[in-house]
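Asks: Quick one: sequence plus predicted model below, questions after.
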Amino acid sequence: MYQYDDYDRRIITERAQQFRGQVTRRLSGEITEEEFKPLRLQNGLYAQLHAYMLRVAVPYGLLSSTQVRKLADIARTYDKGYAHLTTRQNFQFNWPKLADVPTILDELATVEMHAVQTSGNCVRNITSDHFAGIAIDELEDPRPYCEIMRQWSTFHPEFAALPRKFKIAVTGTPGEDRTAVRFHDIGVRIVEKDGERGFEILVGGGMGRTPVIGVVIREFLPKRYLLSYLESILRVYNLFGRRDNKFKARIKILVTALGIAEFRRRVEEDWEASRTPELDLPDHEVARVAAFFQPPPYETLSASTTQLDGWALGKDREFGHWVRNNLVRHKVPGYSAVVVSVKVPGVPPGDISDTQLDAVAALADRYSFGEIVVTHTQNFVLPNVKTSDLPRLYADLVALDLGKANINKLTDVITCPGLDYCDLANARSIPLSLEIADRFDRIDYLSDVGDVSIKISGCINACGHHHVGNIGILGIDKRGEEWYQLMLGGSPGNDASIGTILGAALPQNGIIDAVETVITTYLAVRESSDERFIETVRRVGHEPFKRAVYGEALATGDAA
Amino acid sequence: MPIANHWVVTGKFTDDASNTYRRTDGTWTNNLQDAGLLGDEASAKAFVAAVIANEQRQISDPYVIEVFAANGTIDPLTARERIRASGPTVRIRRPDSGLGR
């Protein structure tokens, strides 16, 4: 993985020192909260519903075991013994004291981590495929380009005060999008054209109160122009994006208002006028950064999957389900990528304790060359596990309460912090996911239902990605009380679609019943067990589900 | 939903961003039940202005909430303020009472 150079170290250390001074001045009253707020936000420090929250950047989700141990130590020393995995591959600490935050930033800097640009109207953490570098269907490892973009966008003076926040995702697997690339301000897809590798650039995607599927602005961009082209997109957005209304300030609004043809014309015009050689990416620079992402020293192992197949159908049914659900084929024979479920019944999705973090770091060292990846689905990936190590790893994970065989299943819910933590939320999200886990955590049932994504947001800002859930749940405020809208049909991948509302909002005590009704209806109307939930919804539409959920209420006029 | 019959001045302690409520004597508490009740919104807003002017070091982001107070109990009128007053409704690994003011 990438190692900081002297420049990286210096700017991160200096930033932490600078923030220490700002905190001192706030605590002494020398500066007001109004003056301090933009300063703390630039360092990832939010004031949430009950406490400060510090968001730590995890570039493209990749962590070393050393970094995970440091995060565990911070959780133990400065927080309440746990951290939270976010839906953008970052970490959050929910309870730091203000006076401790500069010290936490110092601690993070010792392991080449920081919290800059995890908030504010700037280019945020760049996300990527959690199977980057090991995916069997990958065209090229996207991480070197993510890292190059990270360096380019960090403290970029021209883009430090954009109209709104700006999110970029990169995928190197054109055949299967695991990054929700079409729902980012800029999506970058590594593609091949006439034997040459380059990028397809998408723009104007996003969720939030106005969900939009990104559109292609350039079908093929030669690699060397990546940064100059992104600069032109950002420059046009910076110049023409709205600043009068924060709800209409994202680039998706500008692209929609102008139309992609006019937006493209302005970008291309700027690009032709401003492109200079110093922003070109020479091959040797790409190679220099790519050298940090070389494969670990894999052993030469058999490509046979007989053992895996045997385990999948073996006597140990729990292990078999885990092999089927939580493993992903690796491009190196004899290895697997293991998705570690951080969806533990009774625990908020994505919450992980300091002891679990330490243990995951130890497992990464023992089984996966010391690397861990955070997924945007609030789980971990151990990317390089030998097939022969899988039974021992599984036993270790079960002992840690991290052995659920539920990846991409009903209980693998994406959930924002919601009104339990978030200052912006209208309704709680976490209790719904806990109820889902409680009600549906039966492995045979999960297997029968198959792959289905539930995504829950506690407000329209959509941190829980509800728009792209096969089943999406949105918390709303109705006269001070929590209500929920139920949506069906969303998907974040290559088949991108935005879910649509099924019917009237439901009260908290009715929303999970409605989810169960939707699933029961799916099981009744699917053509076969091979037809996934999303395929059924697309085939039959909302009507059978709407009738099942609202039939009686509509008939009696009780729907809210 | 009950109708508001009192108002309370709230905000955050600057040092930990925990929620705080203004007592009748002008000191601050984490406990909503210890909050000073105000009989009209205008008085409460005047206190907020005073907090911004005079107590900005200790207290951040003051504002007014509506409550229903009866029989010695203060109830916020919204889910947000109820959760804000009582803390997350879900499991916390190592709960503590913060600075417990």
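Replies: That came through, no problem. On a predicted model such as this, the values are computed, not experimentally measured, just so you know.

Asks: When you work out contacts or count neighbours from here on, use the C-alpha atoms and nothing else.
Replies: Fine.

Asks: For whichever strand or helix holds residue A:105, buried residues please.
Replies: For residue A:105, the element it lies in under DSSP states H and E is helix A:101-110. Neighbour counts over helix A:101-110 (16 or more other Cα atoms under 10 Å in any protein chain shown) mark A:101-109 as buried.

Asks: I'd like to know which of these is nearest to chain B.
Replies: residue A:101 (10.4 Å; Cα to the nearest Cα).

Asks: list the contacts for the closest one?
Replies: residue A:54 (Cα atoms under 8 Å, 6 or more residues apart in numbering or on different chains).

Asks: Also residue B:48?
Replies: By Cα under 8 Å, 6+ apart, the neighbours of residue B:48 are B:9, B:62-64.

Asks: May I have the phi/psi pair for it?
Replies: Torsion angles at residue B:48 (phi, psi; degrees, to the nearest 10) stand at phi -60, psi -40.

Asks: pLDDT at it, what is it?
Replies: For residue B:48, the pLDDT comes out at 94.

Asks: and if you look at residue B:101?
Replies: 66.

Asks: Show me what from chain A comes close to chain B.
Replies: Residues of chain A lying close to chain B (Cα under 8 Å from any Cα of the partner chain) are A:26-30, A:32-33, A:47-52, A:80-82, A:95-99, A:346-348, A:353, A:419-421, A:426-427, A:430-431, A:479-482.

Asks: before we move on, the earlier item: quick one: strands adjacent to the very next helix or strand once past the helix holding residue A:105?
Replies: Where DSSP H and E defines the elements, the next helix or strand beyond helix A:101-110 is strand A:127-128. Applying DSSP bridges to the sheet, strand A:127-128 is found paired with strand A:168-171 (parallel).

Asks: Just the residues contacting the partner strand, thanks.
Replies: Strand A:168-171 is contacted from outside by A:123-129, A:132, A:142, A:146, A:177-181, A:184-190, using Cα under 8 Å, 6+ apart.

Asks: Could I have the buried ones of the residues you listed as PyMOL selection syntax?
Replies: Applying 16+ other Cα under 10 Å to the contacts of strand A:168-171, the buried members can be selected in PyMOL as follows:
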select buried, chain A and resi 123+124+125+126+127+128+129+132+142+146+177+178+179+180+181+184+185+186+187+188+189+190
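
Asks: Out of the residues of chain A next to chain B, which sit inside strands?
Replies: The strands, defined by DSSP state E, take in A:47, A:52, A:82, A:353, A:481-482 from the residues of chain A next to chain B.

Asks: any chance of those residues in TSV, plus neighbour count and pLDDT?
Replies: As requested, these are exported to TSV (neighbours: other Cα atoms under 10 Å in any protein chain shown; pLDDT from 0 to 100):
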residue	neighbour count	pLDDT
A:47	24	97
A:52	24	98
A:82	26	94
A:353	20	95
A:481	17	90
A:482	22	95
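
Asks: wait, what's in contact with the residue positioned nearest the centre of chain A?
Replies: Centroid-nearest residue in chain A, with Cα atoms, centre = their mean: residue A:376, separated by 2.3 Å. Counting by Cα under 8 Å, 6+ apart, residue A:376 makes contact with A:86-89, A:130, A:179.

Asks: tell me the SS of it?
Replies: Following DSSP: H, G, I helix; E, B strand; the rest coil, residue A:376 is assigned to coil.

Asks: Which residue is the nearest non-sequential neighbour of it?
Replies: residue A:87 (4.3 Å; Cα to Cα, 6 or more residues apart in numbering or on different chains).

Asks: wait, is residue A:407 part of a helix?
Replies: No: using three-state DSSP, the assignment for residue A:407 is coil, not a helix.

Asks: From what I see, it and residue A:343 are in contact.
Replies: No: between residue A:407 and residue A:343 there is no contact under Cα atoms under 8 Å: 9.0 Å.

Asks: Compare the two (neighbour count), which wins?
Replies: residue A:343 (29 against 24; other Cα atoms under 10 Å in any protein chain shown).

Asks: Chain B: strands as residue ranges?
Replies: B:6-13, B:19-22, B:28-29, B:59-70, B:73-76.

Asks: In a markdown table: those strands, plus distance to chain A and mean neighbour count.
Replies: Output for those, formatted as a markdown table (distance: least, Cα to the nearest Cα, whole Å; neighbours: other Cα atoms under 10 Å in any protein chain shown):
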| stretch | distance to chain A | mean neighbour count |
| --- | --- | --- |
| strand B:6-13 | 8 | 25 |
| strand B:19-22 | 6 | 26 |
| strand B:28-29 | 14 | 22 |
| strand B:59-70 | 6 | 20 |
| strand B:73-76 | 10 | 18 |
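
Asks: do you know which of the ones you listed lies nearest residue A:239?
Replies: strand B:59-70 (31.9 Å; Cα to Cα).

Asks: Describe which strands that closest one pairs with in its sheet and in which direction.
Replies: Counting by DSSP bridges, strand B:59-70 is paired with strand B:6-13 (antiparallel), strand B:73-76 (antiparallel).

Asks: Show me what that strand is in contact with.
Replies: With Cα under 8 Å, 6+ apart as the test, strand B:59-70 has contacts from A:33, B:2-14, B:17, B:41, B:44-45, B:48, B:51-52, B:74-77, B:81.
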